[in-house]
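# Pasting the sequence and the predicted model now:
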Amino acid sequence: MSEAEQPKEPENPVFERDKTAKDPVPETPQPPQAVPPTLKPRKVFVPRKVVAKTDKPQEYRTRHIRVASLESANLLRQTILDFQKELAGQSSDDPDKEFEDRKKVEAFFGRIAKKYSSCPSRSIGGDLDWVYKDMKFNDEIMTGDLIDAIVQAERFVIPGPVKTRLGYHIVLVCENQALRKKEEKPSELDPRYEALQARPEAKPPTRTDIPT
């Protein structure tokens, strides 16, 4: 082929688009997905019974009922326990229900003491005031065995009848605290002093621990 017959490239070449090819589709950026915050599990509040510990001797505000026979003591004790159980079974939203129930139990105990107790303290609902180890006491009302039983009892947990030479005792410890300083002489201003003195069959208490 001669040079004259050689094909020549047009001066303005036209390029046709390949219709079978596809234009690249630009990628659309995806918004970042929100990560839900991680919640820490809440701690369940569990109330704990705080027991104060002290090396000081304790004293106990106590009521008691004294009867002549074990059968009578068991019957009266069971009556009080049934009353406690009935109160505990009553539902209530009152956060102070436990304390209100204790007040009711003490009042119920006092009414039974006034009606059935043979102790001179019956006129004041069997109230023995504050009792502590090695205290001086009126031997017509208390004995060493009764004091030992009181200092070993828990608050509002009524133990079995306590036998002494005076009879059978049902004990209710209402409060306890560190032993306070005692007065040398009983106060005649204490309402229990006058109440015990007014009973013809009872002598005034000779205890030296009655607080003013």
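It's in.
# By mean pLDDT, flag the weakest helix or strand of this protein.
Least confident element among the helices and strands of the chain, by mean pLDDT, DSSP states H and E: helix 191-198 (a mean of 53).
# got the contact list for Gly110?
Arg63, Gly125, Gly126, Asp127 (C-beta atoms under 8 Å, 6 or more residues apart in numbering). Quick note: C-beta positions are derived from backbone N, CA and C, even for glycine.
# try 7 Å
By C-beta atoms under 7 Å, 6 or more residues apart in numbering, the contact set of Gly110 is Arg63, Gly125, Gly126.
# Give me the subset of those residues lying in strands.
Arg63 (DSSP state E).
# Neighbour-wise, which one of the contacts of Gly110 leads?
Gly126 (25 neighbours; other C-beta atoms under 10 Å).
# and the gap between the nearest residue to that one once chain neighbours are set aside and Glu154?
Counting by C-beta to C-beta, 6 or more residues apart in numbering, Gly126 lies nearest to Ala113, which is 3.2 Å off, once chain neighbours are set aside. Ala113 sits 20 Å away from Glu154, going by C-beta to C-beta, to the nearest Å.
# So which residues of this protein form helices?
In the chain, the helices defined using DSSP state H lie at 70-88, 97-116, 144-152, 191-198.
# right, so of the ones you listed, which gets closest to Glu27?
The closest approach between Glu27 and any of these, judged by C-beta to C-beta, belongs to helix 97-116 at 67.5 Å.
# angle of that closest one against helix 70-88?
Put simply, helix 97-116 runs at 150 degrees to helix 70-88, going by axes from the mean of the first three to the mean of the last three C-alpha atoms, to 10 degrees.
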